[in-house]
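Engineer: Return atomic coordinates for the entry below.
(2 chains)
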Number of protein chains: 2
Amino acid sequence: MSHKLLGIDLGGTTIKFGILTLEGEVQEKWAIQTNILENGMHIVPDIVASIKHRLEMYGLSKDDFVGIGMGSPGAVDRTQNTVTGAFNLNWKDTQEVGSVIESELGIPFAIDNDANVAALGERWVGAGDNNPDVVFMTLGTGVGGGIIADGNLIHGVAGAGGEIGHMIVEPMNGFACTCGSYGCLETVASATGVVKVARLLAESYEGSSAIKAAIDNGEEVTSKDIFVAAEAGDTFADSVVEKVAFYLGLASANISNILNPDSLVIGGGVSAAGEFLRSRIERYFMTYTFPQVKASTKIKIAELGNDAGIIGAASLARQFIKE
Amino acid sequence: MSHKLLGIDLGGTTIKFGILTLEGEVQEKWAIQTNILENGMHIVPDIVASIKHRLEMYGLSKDDFVGIGMGSPGAVDRTQNTVTGAFNLNWKDTQEVGSVIESELGIPFAIDNDANVAALGERWVGAGDNNPDVVFMTLGTGVGGGIIADGNLIHGVAGAGGEIGHMIVEPMNGFACTCGSYGCLETVASATGVVKVARLLAESYEGSSAIKAAIDNGEEVTSKDIFVAAEAGDTFADSVVEKVAFYLGLASANISNILNPDSLVIGGGVSAAGEFLRSRIERYFMTYTFPQVKASTKIKIAELGNDAGIIGAASLARQFIKE
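Structural biologist: Below is the predicted model of the structure:
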């Protein structure tokens, strides 16, 4: 009897695996290092070997699994189960992923983009409360996201749906973004974006501040340093957090004004600031939304942490459950 | 054999009706005035009487119809088939609509919000080319819209999905909106919004312009006057159109950066400016989108005009087609 799901979260540093119940409870999890040498040619064989090893260790066989789901960086082809242009894996050309895993393990396979998969995880058993309308925003090295509307993950016509990090929040004098635009949310709300905002504000700040002093001295300052200082009462750091919260609140409001999700869930490293950041984002969100949205859409902090990927990946495999 | 659809577009001035093939071709259409007297109590009986009269005239019976679809202003309950708070119909309290029409005519009935229904029409047989991902924006007295993503109309958790007019495009010094926010797209891109932009820019414009002179003289100026003057070479009017196009391009870009639709279709009275407006919106859209969206999402002018409502309404009834 098939009654388990297998989720794989493929990243540039580690590959995480999870064995889950059909209800989304993680029963086993493990991780291996990602070997990106030789154009990433070892990645798929390593995944197959690790799963075979673990199934044997746990006394499980392919018949125990409904399916395998996977989240991957790069451009994912959900029909062919291939990945193209995942540069942090050294996968420049199109890679066969699903066909290899399916034939080696004999278990049905599904794949999607890593940010979409994390969104599915938070929506299913995390902060999203399994609502059909949930938007997920992840603030890390970049700003990514995923949109679930009316129960469906929104991919868009070319698979670029959910790219919340490239919403324009500063149309006039924005920082240059890696995408080629100026003023993208990613340039002011990612870990490096927060520091960029601090450097800009430092130019005109005149009070005393350890963070400003560190910037002026050419020391390395991280977004975490800035949040810690702000919570400890550094007025300059506080003004940086306020500006970042403005951008995040404006973007969250505009997303919600058009999609009216049940919740907008914020995850990723920067969201470790927790309620200190969430409450400020919510204040701007309330300024920029109209009454029906104010009353129905909630701003939440993600709950699953690093497990969002394996859980969301596993949820992709629920499509193989037989009625 | 059921092989026709009936679409009803309920507005504050007229009620439009259409009889369509299952493929969306309008075979008959007519309209009656909306009688909003006595709390709008005549509206539903008038609709029933008009349909009965026409079916008799055309020699049709209930068995010719798969279903009836309707677009309505106000807050629509799609499960109960009721409408609440449609103030331009004098419907303050909840109105029974579907139950009356179904029992009087014996044909299955479905209803949705009027802007959503127009979006469905343009998506089905208009500029949207029946693609599963289409966003519709209507620029009229207000700015409304509808979002079809992954083949589904997006309603959101409280039915406020698609309210594109309340995206914030001027977060700092925006005009007050009827919704209570400041800087909504509706305040600068509706028919009255365009005039507001002109009044603001007139304060600092120093060249000669018939439009600026009319504003300064306290004469009534319409958005149409401004577009006509801009096309005829009035530099001031041109600067107003440019500013409106900036706001529309920014909003279109931010919608597309997160949803990546196949097309964003612009309709309503202001869109009568056609290619003159579209090409300018597209220029800002190209400035503010990232490469994958630039390459895949198109900005289009709506094609169905006033028929979008009856066609989209009729499309709601396609859910009753038996396989």
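Engineer: Hmm, residue A:14 is touching residue A:36, no?
Structural biologist: No - using Cβ atoms under 8 Å as the test, residue A:14 is too far from residue A:36 to be in contact (11.3 Å). Bear in mind the C-beta positions are built from the backbone N, C-alpha and C, glycine included.
Engineer: Tell me who's in contact with whichever residue of the stretch 201-323 of chain A sits closest to chain B.
Structural biologist: As assessed by Cβ to the nearest Cβ, chain B sits closest to residue A:260 within the stretch 201-323 of chain A, at 2.5 Å. Neighbour list for residue A:260: A:133, A:292-293, A:296-297, B:155-161, B:163 [criterion: Cβ atoms under 8 Å, 6 or more residues apart in numbering or on different chains].
Engineer: Now tabulate those residues in TSV and tack on secondary structure.
Structural biologist: TSV is the format used below for those (DSSP: H, G, I helix; E, B strand; the rest coil):
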residue	secondary structure
A:133	coil
A:292	helix
A:293	helix
A:296	helix
A:297	coil
B:155	coil
B:156	coil
B:157	coil
B:158	coil
B:159	coil
B:160	coil
B:161	coil
B:163	coil
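Engineer: Now render those as TSV, adding pLDDT and neighbour count.
Structural biologist: Listed next are these as TSV, based on pLDDT from 0 to 100; neighbours: other Cβ atoms under 10 Å in any protein chain shown:
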residue	pLDDT	neighbour count
A:133	98	27
A:292	93	20
A:293	96	28
A:296	97	19
A:297	98	26
B:155	95	23
B:156	96	25
B:157	96	21
B:158	93	16
B:159	91	18
B:160	92	25
B:161	94	28
B:163	94	30
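Engineer: Just give me the closest of those to residue B:320.
Structural biologist: Checking the contacts of residue A:260 against residue B:320 with Cβ to Cβ, the nearest one is residue B:155 at 19.3 Å.
Engineer: I'd assumed residue B:148 was in contact with that closest one.
Structural biologist: No - the pair formed by residue B:155 and residue B:148 falls short of the contact definition of Cβ under 8 Å, at 11.1 Å.
Engineer: Could you find the closest non-adjacent residue to the residue of the stretch 201-323 of chain A closest to chain B?
Structural biologist: Leaving aside its sequence neighbours, residue A:260 sits nearest to residue B:156 (Cβ to Cβ, 6 or more residues apart in numbering or on different chains; 2.5 Å).
Engineer: Domain map for chain A?
Structural biologist: Listed domain ranges for chain A are A:4-120+A:307-320, A:130-303 (source: the TED database).
Engineer: can you tell me the distance between the two ends of the longest one?
Structural biologist: By that I understand domain A:130-303. Taking Cα to Cα, to the nearest Å as the measure, domain A:130-303 stretches 13 Å from start to finish.
Engineer: same deal with the shortest one?
Structural biologist: Taking Cα to Cα, the first and last residues of domain A:4-120+A:307-320 lie 11 Å apart.
Engineer: Go through the contacts of residue A:260 and name the one nearest residue A:85.
Structural biologist: Distances from residue A:85 to the contacts of residue A:260, taken by Cβ to Cβ, are shortest for residue A:133, at 30.1 Å.
Engineer: what about that closest one, distance to residue A:238?
Structural biologist: With distances taken as Cβ to Cβ, to the nearest Å, residue A:133 is found 33 Å from residue A:238.
Engineer: ok, now residue A:287?
Structural biologist: 18 Å.
Engineer: Same question for residue A:196.
Structural biologist: From residue A:196 to residue A:238 the distance is 17 Å (Cβ to Cβ).
Engineer: Could you check which of those two is surrounded by more residues?
Structural biologist: Neighbours per residue (other Cβ atoms under 10 Å in any protein chain shown) separate residue A:196 from residue A:238, with residue A:238 holding more: 19 against 16.
Engineer: any idea which element the closest residue to that one other than its chain neighbours lies in?
Structural biologist: Nearest non-adjacent residue to residue A:238, counting by Cβ to Cβ, 6+ apart: residue A:230, 4.4 Å away. Secondary structure from DSSP states H and E places residue A:230 in helix A:223-231.
Engineer: Could you pull out the buried residues of that helix?
Structural biologist: Buried residues in helix A:223-231, counting neighbours by 16 or more other Cβ atoms under 10 Å in any protein chain shown, are found at A:223, A:225-227, A:229-230.
Engineer: Now do the contacts for the residue nearest to residue A:238.
Structural biologist: A:237-238, A:240-241, A:276.
Engineer: In a helix, residue A:246, correct?
Structural biologist: Yes - under three-state DSSP, residue A:246 sits within a helix.
Engineer: contacting residues around it?
Structural biologist: A:284, B:171.
Engineer: mind listing the helices in the stretch 1-150 of chain A by residue range?
Structural biologist: For the stretch 1-150 of chain A, applying DSSP state H, counting those that start in this stretch gives helices covering A:37-40, A:43-58, A:98-105, A:114-125.
Engineer: Could you identify which of those is most buried?
Structural biologist: helix A:114-125 (a mean of 29; mean count of other Cβ atoms under 10 Å in any protein chain shown).
Engineer: for that one, packing partners?
Structural biologist: Judged by 3 or more Cβ pairs under 8 Å, 6 or more residues apart in numbering or on different chains; DSSP states H and E, helix A:114-125 is in contact with strand A:4-10, strand A:65-72, strand A:134-139, strand A:143-149, strand A:152-153, strand A:263-267, helix A:308-316.
Engineer: any chance of these in a markdown table, plus mean pLDDT?
Structural biologist: Output for the helices and strands packed on helix A:114-125, formatted as a markdown table (pLDDT from 0 to 100):
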| stretch | mean pLDDT |
| --- | --- |
| strand A:4-10 | 97 |
| strand A:65-72 | 97 |
| strand A:134-139 | 97 |
| strand A:143-149 | 96 |
| strand A:152-153 | 94 |
| strand A:263-267 | 97 |
| helix A:308-316 | 97 |
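Engineer: Out of these, which is closest to residue B:266?
Structural biologist: Of the helices and strands packed on helix A:114-125, nearest to residue B:266 by Cβ to Cβ is strand A:143-149, at 21.5 Å.
Engineer: Export stretch A:306-315 to PDB, keeping only CA atoms.
Structural biologist: Output of stretch A:306-315 as PDB, limited to C-alpha atoms (Å, rounded to 0.1, in the frame of the first residue of the first chain):
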ATOM      1  CA  ASN A 306      14.400  25.000   6.100                       C
ATOM      2  CA  ASP A 307      11.800  22.200   5.900                       C
ATOM      3  CA  ALA A 308       9.500  24.200   3.600                       C
ATOM      4  CA  GLY A 309      11.400  22.900   0.600                       C
ATOM      5  CA  ILE A 310      11.100  19.100   1.300                       C
ATOM      6  CA  ILE A 311       7.500  19.500   2.500                       C
ATOM      7  CA  GLY A 312       6.400  21.500  -0.500                       C
ATOM      8  CA  ALA A 313       8.300  19.200  -2.800                       C
ATOM      9  CA  ALA A 314       6.600  16.200  -1.300                       C
ATOM     10  CA  SER A 315       3.200  17.900  -1.800                       C
END
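Engineer: Residue numbers of the stretch 51-200 of chain A in contact with chain B?
Structural biologist: Counting by Cβ under 8 Å from any Cβ of the partner chain, the stretch 51-200 of chain A comes close to chain B at A:131, A:133, A:145, A:147, A:149-150, A:152-164, A:166-168, A:171, A:177, A:179-181, A:184.
Engineer: If we use 7 Å, what do you get?
Structural biologist: A:131, A:133, A:147, A:149-150, A:152, A:154-158, A:160-164, A:166-168, A:171, A:179-181 (Cβ under 7 Å from any Cβ of the partner chain).
Engineer: Quick check: closest non-adjacent residue to residue A:169.
Structural biologist: residue A:247 (4.6 Å).
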